[in-house]
Every structure is written in structure tokens, then in C-alpha cells.
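Novice: I need the structure of the sequence given here:
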Amino acid sequence: YTTDKVPDRIDAFLTRDYATKEPGTKVGALKPGFLVIRPSQSVFDECLEIIRTGNYVFDESDADKSGWEGKGYGNFPNGAGMSLGGLIPYLYDVRHPGTAVELNTCRWNNNGHDTLYRGNDAEHAAHHFKCRRYPRDGKISKNHECERCYETIMENLHTIRLNDSMCGPPWECDRHRSSQCLIIHRDWFLMRRDWENRVYRVTGDKAVLSTRDGEYQSRFTLGYCAGERRYNALKLPSVKFDLAEVDRVTEGKEGHSEPFEWKTSRGKSIALMPQDEAAPLRKVMEGRLEKLGEPMWPQFDHKLSERIVREGIFVGHPNVPPHLGTIVTAYYEFPSKHAASDYERWFVALLETS
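Specialist: Model (predicted):
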């Protein structure tokens, strides 16, 4: 991420915490929550030797001369320099250079943080609205090309850090400063809801579905927050169940286990076709998708068709002919001039005519 050459041998993958770095300093601390290291007894022993020797410099006046061996690997918030926050970057930057890869923290270990310095102090005036990561060429004035981690789309996120971050844990039902945090939390609540749906499919106990009546930011919390900092905790069924059986429901594909109870504008229930019984229809669709030719224009790609086949939910009686079934596609986030309530109304109307 910060160098052009990838090492022939990679001993570690890590991310750095630039959000807490003092503007203008060259070294960023290890960002907690993500670290991949090739096991090595000799490297472990070396870490012990570094700690026991204790060659650590305290220099609050110059952060680039503080920390381990006075190399700048210190002077981080909350004493992180003396712990893994300073030790691991020092180990792979100074002791074993060229053996570790720094990953893009907006995509790996993302916590919705701001990558720009927005302080208004005179001491760091040159860094206002510049990237917190120190530029490779040392030119601060041009240091404004960095990904905004709070704007990274979900499709590009590989791992997310929820604990003690800008977004915070979903179960705190707290207010957020960015829409990305709400979307991240919604995905977490979707996973919880999917697991509850699986348990319901196995046990038939509706108690597990009884905690979704919260109205606080319900579009994103899915009813699991009764108010700010008022979380509706998970309610397990009264009967015993096998977790392995829950995992086998719909082969672990999120969303397919949803016990839909949609109703038309006249109050008539809309049935959900059991997804295991819809498998033959899905197989037919997969075969047809493989035979599709190249699109005439790039914008006519097959992404939507692939998503429908892979994630589509089939509505209707299980014994109806395939051409009488309805496919409900995946839900997408996109800017629109219409309110979400409009789409909900139109969606029900669409089902009534299918």
C-alpha cells in the first residue's frame, strides 16, 4: 500500500492507525484489530529481547525521535508505542525491512475513521485538510490524495473493526456521524436477523423473532434498537436446538432463510417458496446464465443477472411451474430522488401483479 514493490517473502500483513497520528510525523502506529504474521520462534525471541533491553526513548518534543531506538516508533496515544502499536511496526520497518506488507486500512480493518487532518491549530497549519499518512515524496503541500475511509463502499471492505472505533459496536445503538457507519451496522444486524431466521426454521419458536419492534433508526437497526443506547438483546428459543443444524439451513447463504410475511395492500399474505424446493429452478437459471453471450455495451453486463441467480429469493407455492414464480432480487444501496417508503409501496404493487 505504501511501496510499489511487494516482497518476495511476506512475513506479515498489517494496517496502520493514521487517524491518531500527529500531523507531520512519519511513522504510524499499528492499528489494533488486524495482524497476520508468519509464525517464527526466532522473531518471537527477538521481540522478547527488544522489550527486555528497553531501548525506548521518551521525547515529547519530537515524535520522530521517540519510541524504540529513538526511531519514531513511539509517542502514540494511550501508550501504544510501548506495546504492539509501536513494537510491531518497528520490528518490520527497522529490524526486518522489506518483509511486511501494509494493507489499505480503508479496506482492511476499516473503522470509519477520517483520513484527513481537520484541526485548526496554527502549529499544524500546513497539514490542514491534508492526508494524515506521511507522503512518500515528503511533499506535504501535495499530500491530499488518499482514500476517505468513511466513504469506502461496502463491496470494497474486507474486514471491519467495530470495537472502540468511530462507528462503535452496533449493539450500543448510538448516533453516528457518517452514513457508512449506519450501513456497516445494518449489515451486522442483517447477519443477526439471518441467524435468528435459521433458528426459527429449525425450532419453530417465534420467541427468537420477537425483538424486532424497535423504532430507533429502524431502517438501519432493523428494529433491534428501542432507542438510543437501548438494545434489544437476542432472545433464544425455549427449546433445545442443534447449532450444526442451524448452520445447515440454506447452506449458509444469508437472506435465503428469511421467513417473509409480506402482505398486499388488501392484507393478503404473500407466500415464500422454501428455498431448498426452489433449487431446481435456480439450477436451470444457472445453466442459462452460463450460455449468455458477451454484452453489446459494458453497462449491459451480467452482474444483476448473476446476483439474481445467486441471491434471488423465490416467492410463490413450491409446486407451481417455474414460469409462474416470482424472483425477488437483492437490495441495493443507491442514490435516489424517491423516498424509501415509495419503493416499499411500489415493491408490494409489483408482487401483486406478478
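Novice: the nearest residue to residue 106 once chain neighbours are set aside: neighbour count?
Specialist: By the measure of CB to CB, 6 or more residues apart in numbering, the closest residue to residue 106 outside its immediate chain neighbours is residue 149, 3.9 Å from it. Where you see a C-beta, it was placed from the backbone N, CA and C, and this is true even at glycine. The burial count assigned to residue 149 is 24, neighbours taken as other CB atoms under 10 Å.
Novice: surely residue 149 touches residue 115?
Specialist: Yes. Taking contact to mean CB atoms under 8 Å, the distance of 5.4 Å between residue 149 and residue 115 places them in contact.
Novice: shared neighbours of these two, anything?
Specialist: Residues touching both residue 149 and residue 115 (CB atoms under 8 Å, 6 or more residues apart in numbering): residue 106.
Novice: what are the ranges of the helices in the chain?
Specialist: 41-53, 84-90, 179-203, 218-221, 243-248, 279-290, 303-311, 340-352 (DSSP state H).
Novice: what does the first one contact?
Specialist: It refers to helix 41-53. 11, 37, 68, 87, 90, 91, 95, 96.
Novice: now it, how far from the chain's geometric center?
Specialist: Relative to the chain's own centre, helix 41-53 is displaced by 34 Å; criterion: CA atoms, centre = their mean, to the nearest Å.
Novice: using PDB, write out every CA atom in the lengthiest strand in the chain.
Specialist: The strand that spans the most residues within the chain, counting by DSSP state E, is strand 29-37. C-alpha atoms of strand 29-37 as PDB (Å, rounded to 0.1, in the frame of the first residue of the first chain):
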ATOM      1  CA  ALA A  29       1.200   3.000  14.900                       C
ATOM      2  CA  LEU A  30      -0.100  -0.500  14.300                       C
ATOM      3  CA  LYS A  31      -3.900  -0.300  14.000                       C
ATOM      4  CA  PRO A  32      -5.400  -2.800  16.500                       C
ATOM      5  CA  GLY A  33      -7.800  -5.400  15.400                       C
ATOM      6  CA  PHE A  34      -5.900  -6.900  12.400                       C
ATOM      7  CA  LEU A  35      -2.500  -8.600  12.200                       C
ATOM      8  CA  VAL A  36      -1.300 -11.500  10.200                       C
ATOM      9  CA  ILE A  37       2.200 -12.900  11.000                       C
END
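Novice: how about residues contacting it?
Specialist: The contact list for strand 29-37, computed with CB under 8 Å, 6+ apart, reads 11-17, 20-21, 43, 76, 80-81, 84-89, 103, 105, 108-109, 111, 159, 161, 163-164.
Novice: between helix 41-53 and it, find me the angle.
Specialist: For strand 29-37 against helix 41-53, the angle between stretch directions is 150 degrees (axes from the mean of the first three to the mean of the last three CA atoms, to 10 degrees).
Novice: before we move on, back to that, can you turn the buried part of the contacts of strand 29-37 into a PyMOL selection?
Specialist: Those of those that meet the burial criterion (16 or more other CB atoms under 10 Å) are gathered into one PyMOL selection, given here:
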select buried, resi 11+12+14+15+16+17+20+21+43+76+80+81+84+85+86+87+88+89+103+105+108+109+111+161
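Novice: re the thing from before, gap between the residue nearest to residue 106 and residue 31?
Specialist: For residue 149, the distance to residue 31 (CB to CB, to the nearest Å) stands at 11 Å.
Novice: now the contacts of helix 41-53: which count as buried?
Specialist: Under a neighbour-count criterion of 16+ other CB under 10 Å, the subset of these counted as buried comprises 11, 68, 87, 90, 91, 96.
Novice: in TSV: those, plus pLDDT and distance to residue 119.
Specialist: Supplementary listing: these in TSV, determined by pLDDT from 0 to 100; distance: CB to CB, whole Å:
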residue	pLDDT	distance to residue 119
11	95	36
68	92	27
87	93	28
90	94	26
91	95	30
96	94	34
